[in-house]
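Need coordinates for the following:
(chains A and B)
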Amino acid sequence: MRQWLYLFSVWATWLGLATSVLAQATVEGTVQLPKSTEAVIPNQRYPINTTKGILPASPPEAVVYLDGAFPKSAEAKPPAAQLAQNNQQFVPVLLPVQVGSMVEFPNQDEIYHNVFSYSKAKRFDLGRYRKNEKPAALVFDKPGAVKVYCEIHEHMRATVLVLETPYFTKTDAEGKFILKNLPTGKHTLKAWIDEKTIWERPVELREEAVLRVDFPGK
Amino acid sequence: MIVLGFRLKLLLAMMLVVAGVTIATLYVTQKNVQQTYRKLLDEQFQVQTDFFFEIREKRLGTVKERCQLQADSIRLRAAMEDGDKAVIYSSTADYLQDILGGSVGEEVEAPGNSSRLRATFFRFLDAEGHILPPSDPRAGLLSPSVEQRLAEQISTARRAMQAKELQQVGCLAVKMGDGKTQLQEVILTKIMAPPDGDNVLGSLVLGFPVSDLSEKSSRQTSRILSGLWFDGKLYSKMIPPSIHATLANRVTEEIGMSRQSRGDFTFPMDGIQQLGFYNLLNPNSPFPHLYHLCLYSLEDVFRQQLYLREKIIGLGGLAMIGGLALGLLISHGLSIPIRALVAGTTEIQKGNFQVKVPVRSRDEIGQLSASFNDMADGLALKERYRYVLDRVTDKKVAEELIHGNVTLGGELRDVSMLFCDIRGFTALTQNMEPPEVIHLLNEHMTALTRVVYEHHGVVDKFVGDLLMAIFGAPQSYGADTLNTVNCAIHMIRERNQLNSTSRYNIHIGIGIATGKVVAGCMGSSDRLNYTVLGERVNLASRLCGQAGAMEIVIDQTTQQKLTGEFQAEPLPMLKLKGFNSEVQAYKLAGAPLARIHP
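Modelled structure (predicted):
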């Protein structure tokens, strides 16, 4: 009988925890995105020689995430993210990953690219590699914004946003976002546009509730 | 003496002209030489300045490009965006390592070969222009005070840069480890993101020891002393260090005074004057002003000027001597005729109108001489007229006539008349030839006329053998009557004397009458004769006829005027033609000799 009780309490606790973890709160809203800049005319040291030309600069994007200290889940690590070089552009331009994620940088162009970064969060230089060569995948173990450049193509820029929280998503082209399966409780919702523009809103999440948050807000 | 004075004037004038021309020439040539030299040196200076830029471009041309490339590099810009100082410095040091390593405090002799060029230092500035302290020793570390000063200078220059400028080269003075201040050529390159955009991420600064123009090249001679002036100090290898301070101060003064970017001044060095040129090398630069300075010795100029001066003065001296000689010659040519003229004038002054001056030329002197001769002729003629006049008329009358005192018409005067004629003239000269008669008469009349003049008488006329003299007209000389009487006595004596010496033996008779007569010019205005008219005149004439040989007959009036020493014997009453009543006359006895002169 005592064993059952012990087991029941453990299960209850776990259930409670799990419930709190698995509680279904949702936040949705819109982030006001800055206007898209015009396509940059590159100042090339090396000539542009793709067959398809350069992709126009992507419209600005934002990452919305729930800031807070969350326990590390024992789930399997998230799948490796990819920051590809395609048509002399980084795809995507803004890549949010969780701390400890692995990121790959495949070269999908016929030409060389040399991906590097001097950011404090992650300093790396992958050297030059072509399409068929697979560079080492990197693990981003420090939170922060990592600015990624291509040494050859000066207009290629991307940012890897390394977040501690697992709850994040990118907005779409209009700035709309939905965050699901959020834990309940009081947290801070942040919207990351660029290094200098980070909006935040303290939120209280309820179970089964859908909270609407707009940035920058009223 | 006159000629000498004139000569002197001529010579002085000539010498003055020569001297004036010499001085003017001297002045003009001196100025010209100076100007030419200055222009020449100015051109040379320009060449030197161009040379400086050429050298600098040669040295730093490639380095500037590399700086620009480095500033454009994606890595550097990425690093600057992330603001990691260590990465910035180390990656740049890696990139530029072949031109780094110029030791601080040591100036590297790089003879035009830029591959051996070594930068003293490099630094980065942030977007606001503040220096990021270097972390890599390859960046060329300096002592803290020097670093701070450098930081200030670079920041000032960076702020002064125009927005559009991407790169600038200038000079800064950096105090090195050994205490000496060294000029550094500084390349300041902006780092933009993106490269053609407006966003300044920061700046890259590279410093090199400045190229001293002491580098030998085939174009440069060793005599040109050149240097750089920066912030009141002079940096130069060729100019002796002992005068750096004074020269620098001088240049500072000049720049302050003239407010121009280019100029020149004179400066003494080792006793030789130098011409210093200065030129602002970076007029619109954000860096402080850097002036190029060159000193050129003026020794050559002075030597040339001296040479010219000597030559000109020498030639001037020769010209003066030549002018003197020429002047003497000309004046001599003038002085001869002038002297002749002067002599001629003196002669005329003495009364010799026969003088003639030689006419040697057709110029003014010749004309003057000819005129002089004409004048002498004229004077001589006048003299002859006068002479003739005096002879033909009485001298005194002639004088009065010339002076214009006597006009047609007469005046009533108290006059004594004396008539003297030759006894038996007709019989005497009957058998004589006319020339002899004239000779006789001339001799006689000459002697007697002289006597008349002695006694202040005026010979009125000669009528054959008759001489008529008047005393008291045209003017009186005091005791006219007495004069007349004395004259008569003297005439007798004179004739007696002449009789003994002359060929002829002549006896005269004299008649004297005194009284009021009309005296004046009778006749027409074109042809007149000064004479007396009146009853008394007739009387004197008649009395003369009455006189015997060597006898003097006087009338009563005369007799009444006689003084004691004269003896007059009354004559019987005379019946004279033309007189109604008889006339009382007197015969004068021999006169006392003592009473001759008045």
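
in the host helix or strand of B:Arg536, what counts as buried?
Using DSSP states H and E, B:Arg536 maps to helix B:535-546. For helix B:535-546, a neighbour-count test (16 or more other C-beta atoms under 10 Å in any protein chain shown) marks B:536-544, B:546 as buried. In short, each C-beta sits where N, CA and C put it, glycine included.

ok, now stretch A:198-218?
A:199, A:201, A:203, A:205, A:211, A:213-215.

How about the stretch 251-400 of chain B: which residue is closest to chain A?
B:Pro286 (25.0 Å; C-beta to the nearest C-beta).

Quick check on the residue nearest to that residue when sequence neighbours are not counted: phi, psi?
Of all residues not flanking B:Pro286 in the chain, B:Ala160 sits nearest, at 3.3 Å (C-beta to C-beta, 6 or more residues apart in numbering or on different chains). The phi and psi values for B:Ala160, taken as degrees, to the nearest 10, are phi -80, psi -10.

next one: B:Asn580
According to degrees, to the nearest 10, B:Asn580 has phi -70, psi -50.

and the gap between it and B:Gln559?
Note on B:Asn580: its distance to B:Gln559, by C-beta to C-beta, to the nearest Å, is 21 Å.

repeat for B:Arg56
For B:Arg56, the distance to B:Gln559 (C-beta to C-beta) stands at 143 Å.

of all the buried residues of stretch A:198-218, which comes closest to B:Met269?
A:Trp199 (74.1 Å; C-beta to C-beta).

Mind pulling up the pLDDT for the closest one?
A:Trp199 is assigned 86 on the pLDDT scale.

ditto for B:Leu166
The model's pLDDT for B:Leu166 equals 82.

Can you tell me, leaving aside adjacent residues, what's nearest to it?
B:Lys190 (5.2 Å).

Am I right that the one you found is in contact with B:Asn199?
No. B:Lys190 is beyond contact range of B:Asn199, at 10.4 Å (criterion: C-beta atoms under 8 Å).

next one: the helix or strand hosting A:Val162 to chain centre, how far?
Assigned by DSSP H and E, A:Val162 belongs to strand A:157-163. Per C-alpha atoms, centre = their mean, to the nearest Å, the displacement of strand A:157-163 from the mean C-alpha position of its chain is 7 Å.

what helices or strands is it leaning on?
Contacts defined by 3 or more C-beta pairs under 8 Å, 6 or more residues apart in numbering or on different chains; DSSP states H and E place strand A:157-163 against strand A:63-67, strand A:94-98, strand A:144-150.

quick one: strands adjacent to it?
Here strand A:157-163 is paired, per DSSP bridges, with strand A:94-98 (parallel), strand A:144-150 (antiparallel).

Which of those strands sits closest to B:Lys31?
That would be, of the strands paired with strand A:157-163 and by C-beta to C-beta, strand A:144-150, which comes in at 70.1 Å.

Number of residues surrounding the residue nearest to B:Pro337 when sequence neighbours are not counted?
Computed as C-beta to C-beta, 6+ apart, the closest residue to B:Pro337 that is not its neighbour in sequence is B:Ile365, at 4.7 Å. If you count neighbours by other C-beta atoms under 10 Å in any protein chain shown, B:Ile365 ends up with 19.

Report the secondary structure element holding B:Ile365.
With DSSP H and E as the criterion, B:Ile365 is inside helix B:364-392.

remind me, longest strand of chain B?
strand B:508-523 (DSSP state E).

other SSEs contacting the following helix or strand past it?
Using DSSP H and E, the next helix or strand after strand B:508-523 towards the C-terminus is strand B:528-533. Under the contact definition 3+ C-beta pairs under 8 Å, 6+ apart, strand B:528-533 sits against helix B:395-402, strand B:409-422, strand B:458-463, strand B:508-523.

Which one of those lies nearest to chain A?
Comparing the helices and strands packed on strand B:528-533 by C-beta to the nearest C-beta, helix B:395-402 comes nearest, at 128.0 Å.

Low-confidence stretches in chain A?
For chain A, applying pLDDT under 70 flags the ranges A:12-23, A:36-59, A:69, A:71-78, A:217-218.

what are the ranges of the helices in it?
With DSSP state H as the criterion, chain A has helices at A:2-21.

Contacts only, for the residue positioned nearest the centre of chain A.
Geometric centre of chain A, nearest residue: A:Pro96, 0.8 Å, by C-alpha atoms, centre = their mean. A:Pro96 makes contacts with A:63, A:65, A:160-161, A:163, A:168-170, A:192, as judged by C-beta atoms under 8 Å, 6 or more residues apart in numbering or on different chains.

what's the answer for B:Trp229, then?
With C-beta under 8 Å, 6+ apart, B:Trp229 has these contacts: B:235, B:248, B:251-252, B:278, B:290-293.

now it, which residues is it bridged with?
B:Leu234, B:Tyr291.

partners of B:Asp264 in the sheet?
B:Phe277.

Between B:Asn580 and B:Gln559, point out the one with more neighbours.
Comparing B:Asn580 with B:Gln559 by other C-beta under 10 Å, the one with more neighbours is B:Gln559, at 21 against 7.

does that one belong to a helix or a strand, and which?
helix B:556-561.

for that helix, packing partners?
In this structure, helix B:556-561 makes packing contacts with helix B:480-501, strand B:508-523, strand B:585-588, judged by 3+ C-beta pairs under 8 Å, 6+ apart.

Mind putting the ones you listed into JSON lines with distance to B:Asp94?
Supplementary listing: those in JSON lines, determined by distance: least, C-beta to C-beta, whole Å:
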{"stretch": "helix B:480-501", "distance to B:Asp94": "154"}
{"stretch": "strand B:508-523", "distance to B:Asp94": "146"}
{"stretch": "strand B:585-588", "distance to B:Asp94": "167"}
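
Tell me which of the ones you listed sits nearest to B:Phe52.
strand B:508-523 (114.4 Å).

Would you mind naming what in chain A lies close to chain B?
A:40, A:43, A:116-120, A:123, A:147, A:149-152, A:154-155 (C-beta under 8 Å from any C-beta of the partner chain).

Give me the domain ranges for chain B.
Residue ranges for the domains of chain B, per automatic domain parsing: B:72-206, B:351-391, B:406-588.

Pull the distance from the first one to the chain's centre.
Remark: domain B:72-206 is offset 74 Å from the chain centroid, using C-alpha atoms, centre = their mean.

Equivalent analysis for the second one, please.
Taking the mean C-alpha point of domain B:351-391 and that of its whole chain, the gap between them comes to 38 Å (C-alpha atoms, centre = their mean).

Equivalent analysis for the last one, please.
Going by C-alpha atoms, centre = their mean, the spacing between the C-alpha centre of domain B:406-588 and its chain's C-alpha centre is 74 Å.

swap in stretch B:61-76?
77 Å.

residues touching the closest residue to B:Asp421 other than its chain neighbours, list them.
Counting by C-beta to C-beta, 6+ apart, B:Asp421 lies nearest to B:Leu466, which is 4.3 Å off, once chain neighbours are set aside. By C-beta under 8 Å, 6+ apart, the contact list for B:Leu466 reads B:419-421, B:544.
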